[in-house]
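Novice: how would this look folded up:
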Amino acid sequence: MSANVLGEPAALLARVPVVDLVLLVVVIGAVISIVRGLGGPRRDLTRLTPLILALVAATTAVWARTHGGLTTLGPQLGVMAVVVTLLVVHLALDHRRGFGAAEGAHPAEPSPLRPPWRTCLVVALLLTGALLTWRLATFASSTLVWESPVTEGFGQSFYADVGPATYAARTLAWNEGLVSNGQETLLYGAPTYTLMRWGGFSTLSLRVFATLAAALLVVALWAFVHRHFGPAAGAATALVGALNTYVVLYGKYGTSLAATLLLCVVAALATGRLVRAEAPALWIGPVAGLALFLATLHYSPGRLVALVLVLSLLPSLVVAFRRRLWRSLAAFAGLGVVIAGVVVAQFALGGQRFFLHARGEQLFTMLKQPDYIRDYLTREVPAFNALKAWAVGIGLFPDGPNAAQRNPDRQLTLDQVSTADRFEVAFKVLAVTVPQLDRLLSPFELIESSDQRIFDDPPPIKPYFAPFAVFTLLGAALSLRRFREWRHAVLLAWFGVSVAPVLLTTRLDAHRIVVSVVPLIVWTALGVVEAGGAVGRLGVSRRVRAALGWVLAALLLVGTGSVVLRQEVDGGEQRRVLAATQQVPGPVVVGALIDHRQRAWIELGLLERTRRNEGAEGHMLDAGLREDLAHPEESWPTDLLDRVQSVCANATLILAPEEVYRTAVDRLRSRGLQARELREGDLSMWLIPRQTIGTPATSTSASTLR
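Specialist: Have a look, this model is predicted:
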């Protein structure tokens, strides 16, 4: 085997016909089940045949789409209608039997973890550990897209000499909760900053707490599902979660998304104890409140999940009042005290305005901003034109131009925007996000295989394994069947708030729907367990079912590995620039007009240089200076060269690449500054030694450095 394949597991795994093999396993399982069922009670065969047919039909459809079939919407909808009908028939025929294998008997206490399920959990932890730690520090050649602003945020605090305790305290107030400010979070940002200050700045320290959060997420998923759905479903969830592409990707991504998922599941686990127990321990309420609060301190979609969990407790609270369950009421009181304290504290800190702000990129904020309104009103959307013609025809809206058409050359004001205009904006927002949702969730929307897909932003990756779509659909159907139960209702509501609000934003992508991965993981596991229970009722032995299950798990591993076990390759400019800084004995400032991910990698190196030796500190040149120096001379600000000269008075300046900054260096030379060309590999750059010409500033202005 070549070294290239050994170093790039995805290259080998991508050759495995995963979809074909999944179909083969499903068909083999179906044939064995029907053959065994023919020798048993016909009642079971009648009840379970629709489920078996649904599994085969759906998996065949995904296989056909992968091989170039089912390319139009009509046949796809037809297949979905057949599969859904078969599942409905199965649930209707099997309704009187009681709980299915995936639904469990809802015991008062969790079932013991017997050897087969213990094995699944151990294997899941080993697999997730292997996937998460594979080239953790180096799988991306520099940094990932949103690790760049996160690194900058850490650097600003480090240069300002913010202590770990102060840093952690700052994260207790709600902020925008963006992917790009993951450094401002308690469970990811604060420990990562502490590790960097004491252990060093590197891509490993940037990612390691996200990795730990992802590993703990698998355990938390197992604990939640094991408690509420039984040991089989818990073990299956651990495997599906450990091999989920989102869990692995965000577990290797230096921001707060993995921590958000972990805290949301922990909050669900804590609130579930309040629901399940009539006499919960008094500490459960405050602990649940703390878990809910922590879930709101990270990526902002987690706040919607926290709200769902709080609202899901209201029926249990009413029951406790009616039945006078004093111990339960005391636990709820503890929860209420924590929530009230958090709300009061956030109003005092000013964090309440950020709770559901979403950086203003959601419909209700956009409708208050004329620029957003004009942008959407001027877009041509054929579907809206047809809808508008229908609405005008029935007299719902008057015919006429919208606000942007009425005022083509003037700034819009909100009083010029009619109700019809607002509906038009909403429709055109959905015209963007609904197809994006379809691309991510539909098993028929293929995402082209690419060596670089996990390095794109947003990553074009589905939140579930498409060949397992029928299992996911079956699990969701089981939740719909028993939506009155808290455990199923929470999954449905969780998925709803993870997706529906994002449809009303500027775009829908993997980052924004990341919290939806939790119910999708659980539903996939429930579907697998339900299907396994069904074939077991038809007489298929436990060994055969276990063999089929492990083969499916292996194929899931192959599918996930082919996406996430990738090694990014770039030009390596960042390494050459950083190597040049090693030749400078004192303070150094770097201005590099290269990809921002590569600049973040350089900044990590400069931060580590500063941490090791403050006398040889390193900084990145201010973005404004970096960009202005690369522009044509006639567009330069009048004080540009003065500001650069003040930098050179206090530190050696490196500018890269050489050809971009040649004019700027020529002008600096005309002022008397010395500069020489430096070459590292195939990258040329300018090195301007620390020097004073004229009357220098006594220190480098903070506005010129980052």
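
Novice: all strands for this protein, in order.
Specialist: 588-592, 618-620, 652-656, 676-680, 683-688 (DSSP state E).

Novice: so how far is W117 from H226?
Specialist: 8 Å (C-beta to C-beta, to the nearest Å). Placement of C-beta: from N, CA and C, glycine included.

Novice: joint contacts of the two?
Specialist: Counting by C-beta atoms under 8 Å, 6 or more residues apart in numbering, the common neighbours of H226 and W117 are G234, A235.

Novice: okay, now the domains of the chain?
Specialist: The record, using automatic domain parsing to delimit domains, assigns the chain the ranges 125-358, 573-704.

Novice: so which of those domains is the most packed in?
Specialist: Ranked by mean neighbour count under mean count of other C-beta atoms under 10 Å, those are led by domain 125-358, which reaches a mean of 21.

Novice: rank the domains of the chain by mean pLDDT and give me the bottom one.
Specialist: For the domains of the chain, mean pLDDT drops lowest on domain 573-704, to a mean of 88.

Novice: and that one, how far out from the chain middle?
Specialist: 35 Å (C-alpha atoms, centre = their mean, to the nearest Å).

Novice: could you do stretch 344-351 as well?
Specialist: Worked out by C-alpha atoms, centre = their mean, stretch 344-351 lies 27 Å from the chain centre.

Novice: hmm, who's touching it?
Specialist: L172, A173, W174, N175, Q352, F355.

Novice: okay if I get those residues as TSV plus distance to E380?
Specialist: Formatted as TSV, the entries for those read as follows, by distance: C-beta to C-beta, whole Å:
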residue	distance to E380
L172	47
A173	43
W174	39
N175	37
Q352	39
F355	36
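
Novice: among these, which one lies nearest to Q574?
Specialist: Taking C-beta to C-beta as the measure, Q574 lies nearest N175 of the contacts of stretch 344-351, at 29.0 Å.

Novice: packing partners for the top helix by length along the chain?
Specialist: When the chain is parsed with DSSP state H, its longest helix is helix 203-229. When contacts are defined as 3 or more C-beta pairs under 8 Å, 6 or more residues apart in numbering; DSSP states H and E, helix 203-229 packs onto helix 115-133, helix 147-159, helix 189-199, helix 231-242, helix 245-251, helix 257-276, helix 517-537, helix 596-612.

Novice: export these to TSV and tack on distance to P632?
Specialist: As requested, those are exported to TSV (distance: least, C-beta to C-beta, whole Å):
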stretch	distance to P632
helix 115-133	47
helix 147-159	27
helix 189-199	39
helix 231-242	53
helix 245-251	41
helix 257-276	41
helix 517-537	47
helix 596-612	22
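
Novice: residues near I52, how many?
Specialist: 23 (other C-beta atoms under 10 Å).

Novice: excluding its backbone neighbours, what's nearest it?
Specialist: A30 (4.9 Å; C-beta to C-beta, 6 or more residues apart in numbering).

Novice: give the contact list for the one you found.
Specialist: I52, L55, V56 are the contacts of A30 under C-beta under 8 Å, 6+ apart.

Novice: that one and V544, how far apart?
Specialist: For A30, the distance to V544 - C-beta to C-beta - is 13 Å.

Novice: how close does the residue nearest to G591 when sequence neighbours are not counted get to D570?
Specialist: With sequence-adjacent residues excluded and distances taken as C-beta to C-beta, 6+ apart, G591 is closest to L621, at 3.5 Å. For L621, the distance to D570 equals 21 Å [C-beta to C-beta].

Novice: quick one: pLDDT of L70?
Specialist: Looking at L70, the pLDDT reads 86.

Novice: rewinding a little: so which of the contacts of A30 are in helices?
Specialist: Among those, the subset assigned to helices under DSSP H consists of I52, L55, V56.

Novice: residues in contact with the last one?
Specialist: Right, the one you point to is V56. Neighbours of V56 in contact, by C-beta under 8 Å, 6+ apart: V26, V27, A30.

Novice: rerun at 10 Å
Specialist: L23, V26, V27, G29, A30, V31, V83, L86, V470 (C-beta atoms under 10 Å, 6 or more residues apart in numbering).

Novice: now swap in the first one and tell me
Specialist: Contact criterion C-beta under 10 Å, 6+ apart gives 26, 29-31, 33-34, 37, 45, 86, 90, 531, 534-535, 538 as the residues in contact with I52.

Novice: go again with 7 Å.
Specialist: Residues in contact with I52, defined by C-beta atoms under 7 Å, 6 or more residues apart in numbering, are A30, S33, I34.

Novice: how close does the first one sit to G285?
Specialist: When you say that, I think you mean A30. Taking C-beta to C-beta, one finds A30 at 48 Å from G285.

Novice: and D570, its phi and psi?
Specialist: phi -130, psi -170 (degrees, to the nearest 10).

Novice: with adjacent residues omitted, what lies nearest to it?
Specialist: S141 (4.4 Å).
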